[in-house]
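Trainee: sharing a model prediction with you, sequence too.
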Amino acid sequence: MDEQALLGLNPNADADFRQRALAYFEQLKISPDAWQVCAEALAQRTYSDDHVKFFCFQVLEHQIKFKYSELTAAQQQLIRETLITWLQAQMLHPQPEKTFIRNKAAQVFALLFVTEYLTKWPKYFFDILSVVDLNPRGVDLYLRILMAIDAELVDRDVVHTSEEARRNTLIKDTMREQCIPNLVESWYQILQNYQYTNSEVTCQCLEVVGAYVSWIDLTLIANDRFINMLLGHMSIEVLREEACDCLFEIVNKGMDPIDKMKLVESLCQVLQSAGFFSIEQEEDVDFLARFSKLVNGMGQSLIVSWTKLIKNGDMKNAQEALQAIETKVALMLQLLIHEDDDISSNIIGFCYDYLHILKQLTVLSDQQKANVEAIMLAVMKKLTYDEEYNFENEGEDEAMFVEYRKQLKLLLDRLAQVSPELLLASVRRVFSTTLQNWQATRFMEVEVAIRLLYMLAEALPVSHGAHFSGDVSKATALQDMIRTLVTSGVSAYQHTSVTLEFFETIVRYEKFFAVEPQHIPCVLMAFLDQRGLRHSSPKVRSRTAYLFSRFVKSLNKQMNAFIEDILNRIQDLLELSPPENGYQSLLSSDDQLFIYETAGVLIVNSDYPAERKQALMRNLLTPLMEKFKILLEKLMLAQDEERQAALADCLNHAVGFASRTSKAFSNKQTVKQCGCSEVYLDCLQTFLPALSCPLQKEILRSGVRTFLHRMIICLEEEVLPFIPSASEHMLKDCEAKDLQEFIPLINQITAKFKAQVSPFLQQMFMPLLHAIFEVLLRPAEENDQSAALEKQMLRRSYFAFLQTVTGSGMSEVIANQGAENVERVLVTVIQGAVEYPDPIAQKTCFIILSKLVDLWGGKDGPVGFADFVYKHIVPACFLAPLKQTFDLADAQTVLALSECAVTLKTIHLKRGPECIQYLQQEYLPSLQVAPEIIQEFCQALQQPDAKVFKNYLKVFFQRAKP
């Protein structure tokens with residue numbers, strides 16, 4: 001071996017050596033006999049370096065995985081012997097190999113097993129067992145090999161081909177017939193031998209039993225001698241977690257419902273009499289988490305049995321199963337309420353399924369009602385934050401608690417289905433007691449009381465949040481609670497979690513304020529002062545900005561009396577914070593977007609006359625325009641790139657804020673009706689000069705483009721005078737991405753204004769195309785994926801533009817570009833349909849071709865177009881689907897073929913018999929299509945039902961492809 005290259009295997013080696021080692025590994029993988037050197041090195045223990053040993057196993061692994069069938073019988077025998085020799089040596093060596101080497105060796109053994117067991121090495125396990133016997137080192141490797149084999153055969157995370165899946169099923173069947181009883185016996189011997197002396201090997205063996213139990217005959221394991229031994233392990237501290245997991249796998253195995261019930265019940269009796277159900281004495285939370293998982297498995301197994309028995313109509317046994325379930329509820333509740341969330345989380349599945357049973361029963365017994373209430377109280381208690389929760393810097397523990405809360409929410413929703421009245425009464429009791437004395441109550445209890453009220457909104461479902469109509473008792477209870485929430489003063493509680501929960505709940509129940517509008521002023525004040533938008537925590541300010549906009553939007557009818565007051569109070573929050581003077585504004589620019597939107601909504605939906613709305617909107621937007629002009633001048637003079645970027649960012653925010661205010665307008669309240677056109681036209685005039693700024697083009701153009709999109713919707717034709725110069729600036733020295741984002745703007749204008757913009761489109765059509773072609777023809781690195789993708793997206797955008805122009809009845813825009821340019825455009829569409837393997841673009845191209853044939857393909861079409869149809873469009877309809885890259889199994893490609901069929905149908909419609917004649921006598925014979933197939937094709941094309949031809953065309957090309 002190349003000793004120098006081997007030095008690079010050490011993780012601490014420098015980069016050059018490591019690079020050389022990698023290259024050497026690749027070289028050995030392709031060399032036909034290098035594996036033999038590695039096999040010899042392993043068998044003769046040539047190397048002591050762990051990384052070299054690992055490397056040798058990797059080379060062997062590659063050989064077995066990818067090149068095994070190329071080896072001669074003697075070479076295959078050599079691999080078997082090498083592995084057995086290596087295994088024998090492990091028994092004698094004073095020091096065991098490192099774990100990572102043992103695991104890699106086990107993987108190689110497992111690979112050889114799945115390759116050879118069915119054909120060349122039926123005595124695989126007997127050979128290995130005869131080597132390892134009960135030697136602890138040998139047993140360790142034997143168990144690792146078994147786990148690696150299980151991973152190869154049944155691991156759900158490994159994707160297998162159908163061929164491998166069939167092979168794996170056959171291996172398992174053969175093992176069940178030939179060797180599983182012997183393997184089980186070996187496990188029993190290992191457990192018996194090592195349970196008191198070698199916990200590591202015993203735990204490994206328990207893991208193997210747990211893994212194999214899912215696919216072997218359960219009676220081999222679920223019998224007295226095995227179960228008694230496992231129960232014995234439950235009392236040995238170092239073994240009990242693994243024993244618990246092993247019992248869980250046994251309980252989880254699918255089987256007959258009555259047998260399953262008996263198995264679970266007998267297990268429970270033994271565990272109970274051994275004192276395992278008295279969990280209050282148990283201090284080891286890791287064990288209790290496993291035990292909770294086991295109880296969850298037993299409970300869910302019994303519920304599955306009950307469901308099957310009910311389905312089979314076996315009421316007697318179903319009743320027994322229900323009885324068995326009920327006897328586990330007390331234990332389930334103890335685990336659910338346990339202070340450790342992992343223990344509690346592991347039992348939620350059983351709890352959820354138990355409630356599902358109760359939901360199906362027509363009448364609940366007193367005990368069942370008590371159980372429901374106990375679960376409810378447990379959920380309420382467990383929803384509570386603990387002292388350690390870090391609200392300012394949430395890490396992994398906090399994320400886990402948030403996930404756990406989501407599980408509890410599912411339980412609460414299920415409780416609401418079983419007994420909505422009880423849930424409402426319980427929440428009301430907790431809520432009222434807590435809020436009566438909130439000043440003296442710990443934050444977590446106040447938070448959870450409000451949280452429960454919030455959760456009721458989803459747990460007690462109604463349509464469109466109408467909680468305050470319909471069922472009177474429910475409406476009254478909720479109304480009372482929200483009134484208490486608003487009037488109790490709890491919004492002033494000094495903890496972010498309570499503050500946030502307060503605002504979330506207010507907005508969740510915004511319909512309350514339509515019923516009792518007298519409470520709106522005090523809630524608005526909470527939003528606007530130190531409790532909300534001016535809170536000391538940025539997290540609270542940010543969330544409140546969003547919630548405030550939702551609150552105002554949903555109650556805009558009730559807001560009239562407060563509009564000017566609100567606008568005055570939020571004045572300072574609307575300030576554009578420039579990048580200088582280190583001034584830190586209260587809200588981030590993202591949060592400010594919500595405040596601008598809220599201001600827009602208040603103005604637009606007010607009852608004020610148009611002049612007043614215009615004046616308020618001008619007050620809102622003038623400061624932005626003034627700041628914009630100043631900042632743009634500063635940007636033009638800025639030298640430092642970081643400062644340029646900061647200024648551009650600020651300019652972009654200004655445009656974004658103005659855009660956002662326009663979201664308040666609607667069909668009922670248009671910009672014109674509100675008298676605000678002039679203000680927005682002024683904004684346009686202020687923002688457009690940014691397009692000619694040579695610095696920070698991407699960010700500035702993107703903001704102005706978005707604003708133009710909004711203005712096309714809001715200002716309609718009033719925006720048109722601004723479009724030509726804006727377009728001209730945006731087409732100057734642009735990149736693929738610029739064009740890709742500019743084209744949708746032109747599409748929007750074309751589709752909206754159609755003939756009105758025809759002169760403008762005719763004028764800018766070729767400049768736009770030149771810009772597109774120039775970018776598409778730029779050379780790029782051969783393997784530059786992102787450049788290729790950008791070009792593909794630009795190509796799609798280009799075709800989408802042509803589709804919009806032709807589809808909006810504006811074909812004269814293309815026709816008036818002069819014959820040479822028209823032909824150039826048409827050729828690009830043909831190329832798009834045939835040459836690029838992009839079904840989305842191909843579909844668009846066929847849509848364009850169909851439209852053009854429809855418009856120009858008749859007798860009075862443009863001169864030379866009929867020739868173009870026969871020379872180019874008809875061939876495109878055949879050449880595209882015949883390409884190897886045109887995959888008829890792909891959904892997008894089928895859509896492209898469907899449009900191709902429409903194109904052919906349209907040609908036939910426009911040209912009539914002449915088209916059939918051309919296909920029959922010239923074009924199809926030139927493709928060597930058999931006469932009878934030509935006949936069949938032309939008949940299908942002449943069918944009046946387009947669907948018939950579409951289906952035929954797919955079959956036609958499936959047959960034509962090799």
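Mentor: Done, it's in. Residues are numbered from 1 along each chain as shown.
Trainee: name the surrounding residues that touch the helix or strand hosting residue 344.
Mentor: Applying DSSP states H and E as the criterion places residue 344 in helix 341-360. Under the contact criterion Cβ atoms under 8 Å, 6 or more residues apart in numbering, helix 341-360 has outside partners 285, 288-289, 292-293, 295-296, 299-300, 303, 306, 322, 325, 328-329, 332, 335-338, 364, 368, 371-372, 375, 382, 400-401, 404, 407-408, 410-411, 414-415, 417-418. Yep, even glycine has a C-beta here, placed from its N, CA and C like the rest.
Trainee: check which residues of it are buried.
Mentor: 341-355, 357-358 (16 or more other Cβ atoms under 10 Å).
Trainee: count the neighbours of residue 530 for me.
Mentor: Number of residues near residue 530 (other Cβ atoms under 10 Å) recorded here: 12.
Trainee: cool, residue 682 as well?
Mentor: The number of residues near residue 682, taken as other Cβ under 10 Å, comes to 14.
Trainee: check residue 476 too.
Mentor: 11.
Trainee: cool, and the one 10 residues further on?
Mentor: By the other Cβ under 10 Å criterion, the neighbourhood of residue 486 contains 23 residues.
Trainee: that one contacts residue 519, doesn't it?
Mentor: Yes: look at residue 486 against residue 519 with Cβ atoms under 8 Å: they come within range, at 4.7 Å.
Trainee: ok, and the closest non-adjacent residue to residue 652?
Mentor: residue 703 (4.1 Å; Cβ to Cβ, 6 or more residues apart in numbering).
Trainee: who's in contact with that neighbour?
Mentor: 651, 652, 655, 656, 687, 690.
Trainee: got the contact list for the fourth one?
Mentor: Under the criterion of Cβ under 8 Å, 6+ apart, the contact list for residue 656 reads 589, 593, 703, 706.
Trainee: now it: how far from residue 573?
Mentor: Distance of residue 656 to residue 573, computed by Cβ to Cβ, to the nearest Å: 15 Å.
Trainee: just checking, residue 897 touches residue 888?
Mentor: Yes: checked against Cβ under 8 Å, the pair residue 897 and residue 888 is within contact range at 7.0 Å.
Trainee: name the residue in those two with the higher neighbour count.
Mentor: Legend: neighbour count by other Cβ under 10 Å for residue 897 and residue 888, higher for residue 897 (22 against 13).
Trainee: and the residue nearest the centre of the chain, what pLDDT?
Mentor: Among the residues of the chain, the one closest to the centroid is residue 403, at 16.4 Å (Cα atoms, centre = their mean). Per-residue pLDDT puts residue 403 at 96.
Trainee: what's the mean pLDDT across the host helix or strand of residue 446?
Mentor: Per DSSP H and E: residue 446 is located in helix 443-459. What helix 443-459 shows for mean pLDDT is 95.
Trainee: same question, stretch 421-433
Mentor: Here stretch 421-433 scores 94 as its mean pLDDT.
Trainee: and stretch 28-44, by the same measure?
Mentor: The model assigns stretch 28-44 a mean pLDDT of 81.
Trainee: go on, stretch 278-290?
Mentor: The average pLDDT within stretch 278-290 is 89.
Trainee: check the secondary structure at residue 783 for me.
Mentor: The three-state assignment at residue 783 reads coil, by DSSP: H, G, I helix; E, B strand; the rest coil.
Trainee: burial of it, as a residue count?
Mentor: So residue 783, with other Cβ under 10 Å, has 7 neighbours.
Trainee: what sits against it?
Mentor: Applying Cβ under 8 Å, 6+ apart, we find residue 783 in contact with no residue.
Trainee: ok, the one 5 residues further on next?
Mentor: The contact partners of residue 788, taken as Cβ under 8 Å, 6+ apart, are residue 780.
Trainee: for this protein, give me the ranges with low pLDDT.
Mentor: 1-14, 17, 21, 463-465, 579-583 (pLDDT under 70).
Trainee: any idea how it splits into domains?
Mentor: Listed by the TED database, the domain ranges of the chain are 254-386+397-418, 425-558, 818-961.
Trainee: okay, the ones you listed in a markdown table with distance to residue 639 next?
Mentor: Formatted as a markdown table, the domains of the chain follow (distance: least, Cβ to Cβ, whole Å):
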| stretch | distance to residue 639 |
| --- | --- |
| domain 254-386+397-418 | 44 |
| domain 425-558 | 32 |
| domain 818-961 | 43 |
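Trainee: what's the closest of the ones you listed to residue 717?
Mentor: Checking the domains of the chain against residue 717 by Cβ to Cβ gives domain 818-961 as the closest, at 25.5 Å.
Trainee: and the closest one, end to end?
Mentor: This stretch, domain 818-961, spans 40 Å end to end (Cα to Cα, to the nearest Å).
Trainee: circling back: show me how to select, in ChimeraX, the buried members of the contacts of helix 341-360.
Mentor: Of the contacts of helix 341-360, the buried ones can be selected in ChimeraX as follows, counting by 16+ other Cβ under 10 Å:
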select :288,289,292,293,295,296,299,300,303,306,322,325,328,329,332,335,336,337,338,368,371,372,375,382,401,404,407,408,411,414,415,418
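Trainee: looking at the contacts of helix 341-360, which are in helices?
Mentor: 285, 288-289, 292-293, 295-296, 299-300, 303, 306, 322, 325, 328-329, 332, 335-336, 368, 371-372, 375, 382, 400-401, 404, 407-408, 410-411, 414-415, 417-418 (DSSP state H).
Trainee: name the residues that touch stretch 863-879?
Mentor: For stretch 863-879, using Cβ under 8 Å, 6+ apart, the contacting residues are 819, 823, 826-827, 830, 833-834, 846, 849, 852-853, 856-857, 900, 903-904, 907, 911, 915, 918-919, 923, 927.
Trainee: picking up where we left off before, what is in contact with residue 897 and residue 888 at once?
Mentor: Common neighbours of residue 897 and residue 888 (Cβ under 8 Å, 6+ apart) are 881, 954, 957.
Trainee: of those, which is the most crowded?
Mentor: residue 881 (23 neighbours).
Trainee: show me the contacts for that one.
Mentor: Applying Cβ under 8 Å, 6+ apart, we find residue 881 in contact with 888, 897, 900, 953, 957.
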